[in-house]
Structure formats: structure tokens, C-alpha cells
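Student: Got a sequence here, can you build the structure:
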Amino acid sequence: MQFKKFVNYVAIATIIAGLGVGATGATVCHNTDHLTHYCPLNNIFGIEHQINKVNHEYITDGIQAYKIENGTVTLKTAALIIQEEDGRLARYLPEGFKNNNGEYEKEITVPFSGEIAITEGTPIFPEGAKPGDIVRRKDIGVLAPELIRVISRPGQAIEPTEDMYDETKRQKF
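Tutor: Numbering: from 1, shown residues only. Got it, this is the predicted structure:
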């Protein structure tokens, strides 16, 4: 009987500790500016946590986050579709983007070491959407995203690369 009580107390203490840790983590995440700082919860859930949070919360502003892999990022864009005077629909892509099985992508070199690339472009809402309409976030695209920020783990220095000094490869920061 004593052993059962001990097990119950340990179980209750574990649950209370877990709730405390969860609440602390949620508070830390809530107080982190995911556009400029590395979220401490990335150490638990991976950087996909921060990428998903940015892409969900800021897509309507044309801001997206991408994972940096081996110093490069594959940016994705939406095509701008305009109806010409003769009634034809013309599809325009920003410079450097290529059609990759229906997705428009461009690979760029990131001139700093880091883990998350933040981009900004023009949000493109689905055809026929009007102000005040409820639009699913996954249906919103971004036209011509440009790299504006690189986020690294705290304590990990952002080191310049040689491309940073090459005028022909410099990008907006």
C-alpha cells in the first residue's frame, strides 16, 4: 500500500513539473520576436518550430522563413497573373525564378552563416479575394521574396563569407 502511494505522489509531481515546464516554454516562445531572435523552443522542437510560426503569422505581410542548408536557401514565389487586353492570362515570374514542377523557385547563397532566412516580398492573395474575406494562409503566395535577415543560435557568430564582398552577388539586407 505504501508503494502505491509513493508511485501516485511521484506521478503527480511529474505531471505538475511537466505543466510548469510547458507553461514556461510557452511564455518564453510568446515573448520571443520570431522575426529577429532565435526561439529557445527550437532547441526542443527544431528550427521548423520557428519557420512554421513565422510562415503562419506573417504570410499576409509577405514575410516568410526558410531553413538554411549548406549556406543556400531555396526561395519560393507566386506568379503574378494579369489579364491582358485581348483576354489572355499572362503569368509573370520575378527574375531568376524557375518553374520546378509547378513551384517557382530560386536558389540563393546566404552571405552569413545561420539557420533561418527571413524574406520579404509582396503577398499575392487568391484570385477573386476581396478585403475582409477569410483566406486560408496556405492559399496566400509571396511575389519576389528578398532575403532581409538571417537568424542564428545565440552564441553562434554570424560570419561573413567571401560572397558578401562581391558586388555582383550582394543581396538586400
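Student: Can you spell out which helices and strands pack onto the strand ranked longest in the chain?
Tutor: Longest strand in the chain, counting residues (DSSP state E): strand 141-151. Where contact means 3 or more Cβ pairs under 8 Å, 6 or more residues apart in numbering; DSSP states H and E, strand 141-151 is packed against strand 63-67, strand 72-77, strand 116-124. Bear in mind the C-beta positions are built from the backbone N, C-alpha and C, glycine included.
Student: Now do the second one and strand 116-124, the angle between them.
Tutor: To tie it back to what came earlier, the one meant is strand 72-77. 10 degrees (axes from the mean of the first three to the mean of the last three Cα atoms, to 10 degrees).
Student: mind listing what Glu105 touches?
Tutor: Glu105 sits next to Thr74, Leu75, Lys76, Thr77, Phe97, Lys98 when contact means Cβ atoms under 8 Å, 6 or more residues apart in numbering.
Student: Any idea what the last one is bridged to?
Tutor: Here Lys98 sits in beta bridges with Glu105, as judged by DSSP bridges.
Student: unless I'm mixing things up, it is touching Tyr104, no?
Tutor: Yes: counting by Cβ atoms under 8 Å, Lys98 touches Tyr104, with 7.0 Å between them.
Student: How about the residue nearest the centre of the chain: what's its closest non-neighbour residue?
Tutor: In the chain, the residue lying closest to the centroid (Cα atoms, centre = their mean) is Ala65, at 2.1 Å. Distances taken as Cβ to Cβ, 6 or more residues apart in numbering put Val54 closest to Ala65, at 3.8 Å, once the chain neighbours are dropped.
Student: Wait, a strand at that neighbour?
Tutor: No: under DSSP: H, G, I helix; E, B strand; the rest coil, Val54 sits outside any strand and is assigned helix.
Student: For it, give me its contacts.
Tutor: By Cβ under 8 Å, 6+ apart, the contact set of Val54 is His34, Leu35, Ile63, Gln64, Ala65, Ile116, Ile118.
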